[in-house]
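Visitor: no sequence for this one, just the structure:
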């Protein structure tokens, strides 16, 4: 969704199929099974890690999510809960931290806590001012990681200042690169050096046609045909860098839990990048400029995690 106003943002995603509940069985998304993430859960599940999801809000009563929510914020109407009227935020939250139970789906970090912050209305309209306010609130209220699966062609000093303020409080922002298919440029806020940026691959480890690339890109992750939670207790398959970004956020939550247990501080985007880039697989036929890849450090590959 693109909006003509300079201060508006878009959701980089494509909605595909919506399903009823899977109460009789649990479905493991391919992005989790293919990269053998369940082997990590014996040691790390995202416990005691707080992730702010700045998005369309979340379905607060979803059976796969309600156990992992903490207090959130609604920038559109401060007197109301951050309820999702669009579905995008609920899908993002599920990829990060859907609980590991006998139904539905499961997230990358199934014990991480989700702090839902609503910045978009039912139609997907939202402003830079609301996003900046959300980042500030997340930083002040204990977020370790901030997930922003949103973007704009236009940068904002207000938002950049908010991201810096959150960093000063120990909250690092992870952002989707965008879905225009641009080969040499990504969207803001992913383009800011203060953030960790993510593009999308498919099940065959090819960069998707829709995923943006550029010198500022940090990682690639599964973002095609991703099954996750949806409004009204349902589930949906979506594609986009919006789906790849929460996958990296979930992996970062596992790393954050490890770091906390070992009293290691991860307080900047570069801190996370330096650790996570050790666990990547190069993208085939990656493009380079001045010896710098347009595909970042490659595909984040949890099969290589050894922390």
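Guide: Sure thing, it's come through. As the structure is a computational prediction, the values presented were derived from the model and not from experiment.
Visitor: tell me the pLDDT at the residue nearest to the spatial centre of the chain?
Guide: What sits nearest the mean C-alpha location of the chain, by C-alpha atoms, centre = their mean, is residue 246, with 2.4 Å. Each residue has a pLDDT score; the one for residue 246 is 98.
Visitor: Wasn't it part of a strand?
Guide: No - using DSSP: H, G, I helix; E, B strand; the rest coil, the assignment for residue 246 is helix, not a strand.
Visitor: With adjacent residues omitted, what lies nearest to it?
Guide: residue 95 (4.0 Å; C-beta to C-beta, 6 or more residues apart in numbering). Backbone N, C-alpha and C define where each C-beta goes, glycine included.
Visitor: For the residue nearest to the centre of the chain, give its distance to residue 145.
Guide: 10 Å (C-beta to C-beta, to the nearest Å).
Visitor: Please apply the same query to residue 205.
Guide: In terms of C-beta to C-beta, residue 205 sits 25 Å off from residue 145.
Visitor: swap in residue 167?
Guide: In terms of C-beta to C-beta, residue 167 sits 11 Å off from residue 145.
Visitor: Need the contact partners of the helix or strand hosting residue 271.
Guide: If you go by DSSP states H and E, residue 271 is part of helix 269-276. Contacts to helix 269-276, defined as C-beta atoms under 8 Å, 6 or more residues apart in numbering, come from residues 167, 172-174, 193-196, 218-219, 248, 251-252, 255, 265-266, 297, 300, 307.
Visitor: avg pLDDT for that helix?
Guide: On average, helix 269-276 scores 96.
Visitor: Return the set of buried residues in it.
Guide: Residues of helix 269-276 classed as buried by neighbour count (16 or more other C-beta atoms under 10 Å): 269, 271-273, 275-276.
Visitor: Just the closest of those residues to residue 102, please.
Guide: residue 276 (31.0 Å; C-beta to C-beta).
Visitor: what sits in contact with each of residue 167 and residue 145?
Guide: residue 173.
Visitor: Settle it for me: which of these two has more neighbours?
Guide: Shown here are residue 167 and residue 145; by other C-beta atoms under 10 Å, residue 145 has more neighbours (30 against 19).
Visitor: how about the helices in the stretch 51-200 of the chain?
Guide: Assignment of helices within the stretch 51-200 of the chain using DSSP state H, counting those that start in this stretch yields the ranges 88-97, 128-140, 157-168.
Visitor: quick one: residue 46 and residue 131, what's the gap?
Guide: For residue 46 relative to residue 131 (C-beta to C-beta), the value is 24 Å.
Visitor: Which one's more surrounded, the two?
Guide: residue 46 (31 against 28).
Visitor: Would you confirm that the more buried one contacts residue 251?
Guide: No - at 9.6 Å, residue 46 does not count as touching residue 251 under the criterion of C-beta atoms under 8 Å.
Visitor: hmm, back to that, contacting residues around the residue nearest to the centre of the chain?
Guide: 53, 92-93, 95-96, 108, 147, 149.
Visitor: Can you give me the neighbour number for residue 256?
Guide: Residues near residue 256, counting by other C-beta under 10 Å: 26.
Visitor: Against residue 16, how distant is residue 54?
Guide: With C-beta to C-beta as the criterion, residue 54 and residue 16 are 23 Å apart.
Visitor: should've said residue 228
Guide: With C-beta to C-beta as the criterion, residue 228 and residue 16 are 11 Å apart.
Visitor: Could you verify my assumption that residue 88 touches residue 124?
Guide: Yes - counting by C-beta under 8 Å, residue 88 touches residue 124, with 7.3 Å between them.
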